[in-house]
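> Test case, fold it:
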Amino acid sequence: MAEKNMIIAMVLSVLLSGLGLIYVGDIAKGAILVAIGIIFNILYYLVHPILGMVAFIAWIYGLYATYKEVKAVNGE
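Numbers count the residues shown, from 1 in each chain. I've put the predicted structure just below:
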């Protein structure tokens, strides 16, 4: 697999949790994080603000997972 750019992966993850993982090649995990982020952000606005914390936690996890996955793909 070709090396992936850490900056591009992290910027994508900052924009939407899971996009960086999709860029790196972990499509299943990335798609799950995108879905979780979108669903819980919608619930944050429609139901209760505490549900936004789940979206925030998923976003933080997405950043961490993207960082680790890029390192693994690049062999670092």
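> Now tell me what touches stretch 3-23 from outside.
24-25, 27, 29-37, 55, 58-59, 61-63, 65-67, 69-70, 73-74 (Cβ atoms under 8 Å, 6 or more residues apart in numbering). C-beta here means a position set from N, CA and C on the backbone, and glycine is covered the same way.
> Might you report the residue contacts of the residue located most distally from the centre of the chain?
The outermost residue of the chain relative to its centre, with distances by Cα atoms, centre = their mean, is residue 47 at 23.0 Å. Counting by Cβ under 8 Å, 6+ apart, residue 47 makes contact with nothing.
> any idea how far residue 17 is from it?
Noted for residue 47: a distance of 19 Å to residue 17, by Cβ to Cβ, to the nearest Å.
> And the contacts of the strand or helix carrying residue 60?
Element membership for residue 60 (DSSP states H and E) is helix 52-73. Helix 52-73 is contacted from outside by 1, 3-4, 6, 9-10, 12-14, 17-18, 20-21, 24-26, 29, 33, 36-37, 40-41, 44, using Cβ under 8 Å, 6+ apart.
> Please pick the buried ones from those residues.
Those of the contacts of helix 52-73 that meet the buried threshold are 4, 6, 9-10, 12-13, 17-18, 20-21, 24, 26, 29, 33, 36-37, 40-41, 44, by 16 or more other Cβ atoms under 10 Å.
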